[in-house]
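Student: pasted the sequence and its predicted model underneath.
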Amino acid sequence: MAAQKRVVPRGQDYLTTIRSDQYIELAPDLLGPNMKVFSEKVAMVGIPLNPPVGNADTIMERGDVASHGKTVKTRLVAFANVSAAPILLEGDSALAGYYDLYATLSPTRESPGEMTFHFETDNGGWFESRAEFWPMFELRPLGGGTSIFIDTGRDKVPGFPMNVGHSGGRWSFTPPTPSAVRGFRTKQMYYEDVVIITASRDGQITAERKMEFAPTELAKCAKAQAEFDAGGEIATFGRPNFGRAMTGANFLLE
């Protein structure tokens, strides 16, 4: 088959987070009166999405047919992570204490990107990808209480939008395992290896607010092809209810 005949149809990619280290800097005025700045690299893990798409916590949509070497537009359409351990907010306020930090997608801004496919055979090859990342943070207090919501698409948070990217990832039309999450009515592509996504201060998009304490590397995330649980069935729907991965998702995903 000639190279120009090789194409990846538009569709959705399903990923699960293995581990994500995300630097987060939150100014006192975003947290509440008499609070101190929060500045830490937070370890994050994935939360399986609702409706069920196996253990997927991230869905990226490819908006066009991709041929060899062609760059196509993409966008994150679902995302759900939570801190692996509670974080501590400090200050002279009743708001001080431990919180679980949830991250979904901003309801006010898209997280667009682009992806370039390179065929090595008719069945697969390697890819490059880049995207802007606009998350919504929910800080949920341990023991109950009122959550603090911070929308990086609306609130000025240092380091966001973040310019995340990956180069040299492997993909294939063949599922890596029998339980890999498949798209509906489409020729699905799959990720063969762990995908390492990074962001640095030098590579970021212009920050909405100056970062004071950030390290050089703002984020490093390892993701893998999402899979159904053993014995699970292939999805029978075409498009998840992405609204649930926005503002109200944190209450629905547990």
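Tutor: Nice, I can see it.

Student: count of residues packed around residue 23?
Tutor: Around residue 23 sit 22 other residues, with neighbours defined as other Cβ atoms under 10 Å. Any C-beta I mention is one placed from the backbone N, CA and C, and that applies to glycine too.

Student: where does the stretch 101-250 of the chain have low pLDDT?
Tutor: Along the stretch 101-250 of the chain, the model assigns pLDDT under 70 to residues 184-186, 230-250.

Student: what do you get if the cut-off is 80, keeping everything else the same?
Tutor: For the stretch 101-250 of the chain, residues meeting the criterion pLDDT under 80 lie at 183-187, 206-208, 229-250.

Student: quick one, strands of it?
Tutor: 111-121, 124-133, 135-141, 148-151, 162-172, 190-191, 195-200, 217-225 (DSSP state E, counting those that start in this stretch).

Student: would JSON lines of these with mean neighbour count and distance to residue 62 be doable?
Tutor: Conversion of those to JSON lines gives the following (neighbours: other Cβ atoms under 10 Å; distance: least, Cβ to Cβ, whole Å):
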{"stretch": "strand 111-121", "mean neighbour count": "18", "distance to residue 62": "6"}
{"stretch": "strand 124-133", "mean neighbour count": "20", "distance to residue 62": "10"}
{"stretch": "strand 135-141", "mean neighbour count": "22", "distance to residue 62": "21"}
{"stretch": "strand 148-151", "mean neighbour count": "20", "distance to residue 62": "26"}
{"stretch": "strand 162-172", "mean neighbour count": "18", "distance to residue 62": "11"}
{"stretch": "strand 190-191", "mean neighbour count": "21", "distance to residue 62": "13"}
{"stretch": "strand 195-200", "mean neighbour count": "19", "distance to residue 62": "15"}
{"stretch": "strand 217-225", "mean neighbour count": "21", "distance to residue 62": "15"}
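
Student: now render these as JSON lines, adding distance to residue 73.
Tutor: JSON lines is the format used below for these (distance: least, Cβ to Cβ, whole Å):
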{"stretch": "strand 111-121", "distance to residue 73": "6"}
{"stretch": "strand 124-133", "distance to residue 73": "10"}
{"stretch": "strand 135-141", "distance to residue 73": "20"}
{"stretch": "strand 148-151", "distance to residue 73": "23"}
{"stretch": "strand 162-172", "distance to residue 73": "15"}
{"stretch": "strand 190-191", "distance to residue 73": "19"}
{"stretch": "strand 195-200", "distance to residue 73": "18"}
{"stretch": "strand 217-225", "distance to residue 73": "20"}
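
Student: among those, which comes closest to residue 68?
Tutor: For residue 68, the closest of the strands of the stretch 101-250 of the chain is strand 111-121, at 4.6 Å, according to Cβ to Cβ.

Student: hang on, residue 45 packs against residue 81?
Tutor: Yes - the pair residue 45 / residue 81 is scored as a contact, 6.6 Å apart, by Cβ atoms under 8 Å.

Student: find residues that contact each of those two.
Tutor: 17, 20 (Cβ atoms under 8 Å, 6 or more residues apart in numbering).

Student: okay, those two: which has more neighbours?
Tutor: Just comparing residue 45 and residue 81: by other Cβ under 10 Å the higher neighbour count belongs to residue 81, 22 against 15.

Student: tell me how far stretch 76-91 is from the chain's mean position?
Tutor: 12 Å (Cα atoms, centre = their mean, to the nearest Å).

Student: that one: end-to-end distance?
Tutor: Start-to-end span of stretch 76-91 (Cα to Cα, to the nearest Å) is 35 Å.

Student: can you give me the mean pLDDT across it?
Tutor: In this model, stretch 76-91 has an average pLDDT of 95.

Student: buried stuff in it?
Tutor: Neighbour counts over stretch 76-91 (16 or more other Cβ atoms under 10 Å) mark 76-83, 87, 89, 91 as buried.

Student: from the residues you listed, which is closest to residue 5?
Tutor: The closest of the buried residues of stretch 76-91, once distances to residue 5 are taken by Cβ to Cβ, is residue 77, at 28.7 Å.
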